[in-house]
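Colleague: dropping a prediction and its sequence here:
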Amino acid sequence: EDFVYPQPNVLQMQFFPTEENDPLILEHYNWLKQFFHHPNYIKVDGKPLLMLYQRKPGAMFVFESLRKLAKEDGFPGLYITCG
């Protein structure tokens, strides 16, 4: 069955990076990619779907960093939803 890993505010609760090159962003992506590479993980136009319940103000650079890491990992990007 297809699945998506619902991100239950992990980015917001565990840490909130203040710099674009914060090593915790890479550490978090490295944890997420085990799901992204699963053949049944839901992708939109080839991009892994990342669902967030909410975002913190100033989080856009974190999303952009995650998108960049996804591209470096062979995906066309990362499809992020918040709501």
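Modeller: Yep, it's here.
Colleague: lowest-pLDDT helix or strand in this protein?
Modeller: helix 10-14 (a mean of 49; mean pLDDT, DSSP states H and E).
Colleague: what about the next helix or strand after it, distance to the chain center?
Modeller: As assigned by DSSP states H and E, the chain's next helix or strand after helix 10-14 is helix 23-36. Here the centre of mass of C-alpha atoms in helix 23-36, compared against the chain's by C-alpha atoms, centre = their mean, to the nearest Å, lies 8 Å away.
Colleague: what's the average pLDDT for the longest strand along the chain?
Modeller: Counting by DSSP state E, the longest strand found in the chain is strand 47-52. Here strand 47-52 scores 90 as its mean pLDDT.
Colleague: pull out the buried positions in that strand.
Modeller: 47-50, 52 (16 or more other C-beta atoms under 10 Å). In short, each C-beta sits where N, CA and C put it, glycine included.
Colleague: can I get these in a markdown table including distance to residue 28?
Modeller: Formatted as a markdown table, the buried residues of strand 47-52 follow (distance: C-beta to C-beta, whole Å):
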| residue | distance to residue 28 |
| --- | --- |
| 47 | 17 |
| 48 | 13 |
| 49 | 16 |
| 50 | 11 |
| 52 | 12 |
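Colleague: give me phi/psi at residue 76?
Modeller: The phi/psi pair for residue 76 (degrees, to the nearest 10) reads phi -80, psi 0.
Colleague: before I go, just wanted to say thanks for your time.
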